[in-house]
Structure formats: structure tokens, C-alpha cells
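[1] What follows is a predicted structure for the sequence shown.
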Amino acid sequence: MNQQDRLSRPAVWALILTGAASFMAALDNLVVTTALPAIRADLGGKLEDLEWTVNAYTLTFAVLLLFGSALGDRFGRRRLFMAGLATFTAASAAAALSPGIDALIAARAVQGVGAAVMMPLSLTLLAAAVPAARRGMALGIYGAVGGLAVASGPLIGGSLTEHISWQWIFWLNVPIGLALLPLARLRLAESTAPNSRLDVPGTLLISGGLFGIVYGLVNANAHGWTSAPVLTGLIAGSALVGGFIHHGFHNANPMLPMRLFRDRGFFGINLASLLMYLGMFGSIFLLSQFLQGVAGYSPTQAGLRMLPWTGMAVIVAPIAGILSDRIGGRPVVVAGLALQAVGLGWFAMVLSPDVSYAAQLPALVLSGIGMSLFFAPANNVLMSTVTPADQGKASGANNALREVGGALGVAILASVFSARGGYETPRAFTDGTVPALWIGAAAVALAAGLALLLPRRTRTATAPDAPASVPVPLPAKTPAAR
């Protein structure tokens with residue numbers, strides 16, 4: 001690296017601190033997956049309780065993501081980044097100390113709140129510290145750190161659960177968070193966005209709406225689809241989401257301007273992202289438990305066997321970026337979604353109580369390639385569908401929709417699993433998992449069809465060299481179980 005390519009010392013510190021914070025938040029997307037059987041054995045709980053250990057984090061993260069970014073713009077990005085980091089660290093300790101499943105779910109929800117503030121501001125702080133000419137390199141390193149967290153999540157979670165205890169998947173965050181807090185205070189520059197406003201009504205509408213819908217889906221099998229709590233959650237949640245959409249059209253400064261969805265490219269990539277995460281997150285929630293509960297692998301062995309899926313991004317993502325630059329984002333995104341759908345369908349066809357790992361390996365590889373082909377081109381396509389002034393909101397909205405898709409995927413596919421099978425025997429688990437995987441494959445296949453709505457060629461997005469509110473895409477995160 002020559003002198004011109006080197007980052008300044010403040011930029012290096014910003015990259016280290018924001019990258020470490022991003023690693024923690026991204027790791028908690030998947031680190032819980034391989035620990036679910038151990039958590040269930042230790043704390044008890046039913047299927048819907050395991051769903052909430054995942055969705056409590058995902059949902060609070062999703063619905064507060066845009067609001068967290070706005071808080072930083074209004075009250076100081078470094079200050080709110082540190083507040084989010086402190087909240088995430090304290091909630092991690094609370095999760096490790098949880099005496100029961102309800103306490104764990106509550107701690108996971110608070111973790112999601114901290115991550116929703118910390119993650120978007122980490123990108124803004126990094127982009128503000130790095131000159132525009134070096135920003136691509138810095139964001140590439142930042143994204144690679146997030147990808148490493150995603151790839152290693154199941155393996156780290158499995159190893160800690162098997163060799164120490166499941167509590168250590170949360171204790172791991174505490175020393176890192178405590179070390180980052182004073183360094184962030186000393187090494188990161190404070191900044192705000194002029195004339196920024198908070199959209200409190202929009203936040204309340206979307207938070208209440210998504211909670212109601214997910215609550216209804218998670219509890220449908222336990223209480224019945226026509227029970228009062230489930231119907232109330234689904235109907236009230238849908239009404240509140242409708243209110244949020246109306247608010248986005250008519251409010252002067254909404255957290256998510258609905259006018260953006262009038263662009264077919266923006267509409268197509270966002271809906272495709274939601275469906276991609278719905279199918280992928282829900283499938284990994286069940287398959288990670290299948291590898292342990294049915295196939296008989298230890299948590300570490302299960303994490304290792306998931307690597308052809310979760311770790312494929314390290315190899316394929318750079319190639320996907322090059323292909324996207326040369327032939328456009330649409331064909332790469334469509335190919336990625338199609339391969340992911342084929343991979344999930346392959347799983348559904350071969351899964352049985354005595355299936356060998358060799359029979360599952362092609363599905364894992366196809367799913368990994370498909371996922372990796374999707375992420376980087378999807379971010380580029382998204383940024384090219386909006387003007388530079390809207391890129392910050394577009395990035396936050398896309399990542400929020402991905403997280404919402406993950407929460408819905410866990411809720412919907414687990415509901416199918418519960419209706420058709422259960423935990424009683426390996427056969428019952430398989431009977432529930434197979435139809436759920438077909439639903440996941442269908443959702444991703446539909447996403448591939450929607451991706452065909454994307455323009456063949458999109459305009460190149462430019463990033464301003466201003467520290468105010470630099471519009472850069474949040475790093476793609478994978479599957480499910482934070």
C-alpha cells in the first residue's frame with residue numbers, strides 16, 4: 001500500500017472501533033442459532049419461546065433502526081453510538097445472567113434496541129472520518145468484518161455452547177463493549193446533522209404494527225388462529241402498519257418517505273430483500289436445530305457444517321461485486337435468489353431423519369453461493385435507485401425490511417413446523433421442517449421474480465464528501481438468530 005492509499009490515524013481508529021461494534025451486532029444475528037437446543041434444555045420453553053429469543057432482537061433492531069440513526073443526527077452521533085454500545089453490552093450481560101426464558105427474551109429485546117442505535121451510527125461515524133477518495137476501501141473492510149461475523153456466528157456459538165456454556169455467547173460481548181466505550185469517547189469525533197427531526201409518530205406506528213403481526217404469527221398455533229389474542233395482534237398490527245404507510249405519504253418529514261417506493265427498482269429490491277430474509281432466516285432457524293436434534297451433531301460440529309452456507313460469502317461476494325459492475329446488478333441478484341431458492345428446495349427434497357451430511361452439502365453450497373451473489377449487488381442496486389439526498393433513508397429502510405423479513409420468516413416457518421410436526425421424535429421434527437422449507441423456497445423464488453422488475457442498468461450513485469449524514473449502505477447480514 002503506498003502513502004496515498006493509507007488511511008489517516010483518526011480514520012484507522014474509526015475503522016477499528018466501528019468495525020468491532022459492527023462485528024458484535026452482526027455476530028448476534030447468528031450466534032444464538034446453534035445454542036437454541038442448549039437454551040431449551042437449560043431454561044425450558046416451547047417453540048414460540050425459542051422464536052422470541054430470535055425475534056425479540058430482530059424486531060426491536062428492525063423497527064428502531066431508522067429512529068436510532070435520527071437520534072444520532074439530532075443529539076450527537078458519537079454520544080448516541082456510545083449509548084447504543086453501552087445498552088448492547090449491558091443487555092448482553094443480562095442475557096447471560098437470565099434465570100429463565102422470559103428474562104432472556106427481555107434481554108434480547110434490549111440488545112436489539114442497543115444495536116439499532118449503534119449500527120447505523122457506526123457507518124455514519126466511519127464515513128465522516130474517511131475522505132471520499134478512501135471511503136470505498138474503508139467500507140469494504142467494514143463490510144468484510146460484518147461478513148466474517150456472519151460466517152463465524154454458528155461456529156463461535158456452537159463452540160462456546162459445547163465447550164463452556166451457552167451463556168458465553170453473550171458474555172463474549174461484555175469485555176469487548178467495555179473496552180470500546182472509553183476508546184470511542186477519546187478517538188471518535190462528535191457530529192450532528194443540522195435541522196434534523198425525529199419522527200416519533202412513525203416510530204410508534206411501525207413498532208406497534210410489526211409487534212402485533214409477529215405476536216399473532218408466533219402464538220397462532222398455541223392459541224389458535226381465531227383466538228382473541230391472535231386476531232387482535234394480526235388485525236391491530238395490520239392497521240398500525242397501514243397507518244405508518246399513510247403517515248409516510250402525508251407527513252412532511254417521515255422516517256420512511258413512501259414516495260421512494262414509486263420507483264420500480266426501489267420497490268423491487270426492497271420487497272425482494274424482505275422475502276429473501278423471510279425464507280433464509282426461517283430455514284436456518286429450523287435447520288440449525290435439525291443438525292443437532294435429529295442428525296446428532298454437537299453444537300461445534302453443527303456450526304462447522306453450516307459454514308458452506310454462511311461462509312461462502314468470503315469467496316463469492318468479491319466475484320459478485322465484479323460481475324455486478326460488468327453486467328449490471330439485476331442478473332446477479334436474480335441468479336443469487338434463484339440459487340438460494342433451489343438450495344432450500346433441495347433441502348426439502350433430501351431431508352429425512354437419517355439423511356447424510358453428503359446429501360445436504362449441495363444444498364448448503366447452492367444456498368451459500370446464492371446468498372453471496374445477492375448481498376453486494378443488492379446494496380449497489382438499492383443505492384442507484386435513489387438520489388444522494390435519500391440514500392441514508394433508503395439504506396436504513398432496506399436493512400429494516402431485511403430484519404423484518406427475518407422476524408416474519410422465523411414466525412411463519414416455525415408456525416408451519418408446529419402445525420405439521422414438533423420436537424417429540426426425529427420423524428416429527430422432519431415432518432414439520434420439510435413443508436416449512438418449501439414455504440421458504442417459495443418466498444425466495446418469488447423474490448427472484450420481483451427482482452426482474454429491477455432496471456437493466458441503473459445510474460451510478462455518488463456519495464458526497466461531507467461528514468453530515470453520509471449515505472452508505474449498511475452491511476448485509478444473514479440468517480437468523482441473533
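    Ah, there it is.
[2] Which helix or strand lies directly C-terminal to the host helix or strand of Ala335?
    Assigned by DSSP states H and E, Ala335 belongs to helix 329-350. The helix or strand immediately downstream of helix 329-350 is helix 357-384, counting by DSSP H and E.
[3] average model confidence for that next one?
    On average, the pLDDT along helix 357-384 is 82.
[4] count of neighbours near the nearest residue to Gly44 once chain neighbours are set aside?
    Once flanking residues are discounted, Gly44 sits nearest to Ile101: 6.2 Å by Cβ to Cβ, 6 or more residues apart in numbering. C-beta: built from backbone N, CA, C; applies to glycine. By other Cβ atoms under 10 Å, 19 other residues sit near Ile101.
[5] likewise Pro131?
    Per other Cβ under 10 Å, the neighbour tally for Pro131 reads 12.
[6] which parts of stretch 341-350 are buried?
    Ala341, Val342, Gly343, Leu344, Gly345, Trp346, Phe347, Ala348 (16 or more other Cβ atoms under 10 Å).
[7] Distance check, Gln185 against Arg79.
    Careful, residue 185 is Arg and not Gln. Relative to Arg79, Arg185 is positioned 9 Å away (Cβ to Cβ, to the nearest Å).
[8] what's near enough to touch Leu85?
    Residues near Leu85 by Cβ atoms under 8 Å, 6 or more residues apart in numbering: Ala21, Gly114, Met118, Gly177, Leu180, Leu181, Ala184.
[9] which stretches of this protein form strands?
    For the chain, no strands are identified by DSSP state E.
[10] okay, and the helix or strand of it with the least pLDDT?
    helix 132-163 (a mean of 69; mean pLDDT, DSSP states H and E).
[11] mind exporting stretch 287-301 as CSV, just the C-alpha atoms?
    Presented in CSV, the C-alpha positions along stretch 287-301 are these (Å, rounded to 0.1, in the frame of the first residue of the first chain):
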residue,chain,number,x,y,z
LEU,A,287,-32.0,-26.4,10.0
SER,A,288,-29.6,-25.5,12.8
GLN,A,289,-31.8,-27.3,15.3
PHE,A,290,-32.2,-30.3,12.9
LEU,A,291,-28.4,-30.7,12.6
GLN,A,292,-28.3,-31.2,16.4
GLY,A,293,-31.6,-32.6,17.4
VAL,A,294,-32.1,-35.0,14.5
ALA,A,295,-28.7,-35.5,12.8
GLY,A,296,-27.0,-35.8,16.2
TYR,A,297,-24.1,-33.3,15.7
SER,A,298,-22.6,-31.4,18.6
PRO,A,299,-23.0,-27.6,18.6
THR,A,300,-19.5,-27.2,17.3
GLN,A,301,-20.0,-29.8,14.6
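[12] Can you pull the phi/psi pair for the closest residue to Gly202 other than its chain neighbours?
    With sequence-adjacent residues excluded and distances taken as Cβ to Cβ, 6+ apart, Gly202 is closest to Met255, at 4.4 Å. Here is the backbone geometry of Met255 (degrees, to the nearest 10): phi -70, psi -30.
[13] Which pLDDT value belongs to Met255?
    If you check Met255, the pLDDT there is 75.
[14] residue contacts, it?
    Leu66, Phe67, Ala70, Asp199, Gly202, Thr203, Ile206, Gly248, Lys393.
[15] Show me those that map onto helices.
    Counting by DSSP state H, those place Leu66, Phe67, Ala70, Gly202, Thr203, Ile206, Gly248, Lys393 in helices.
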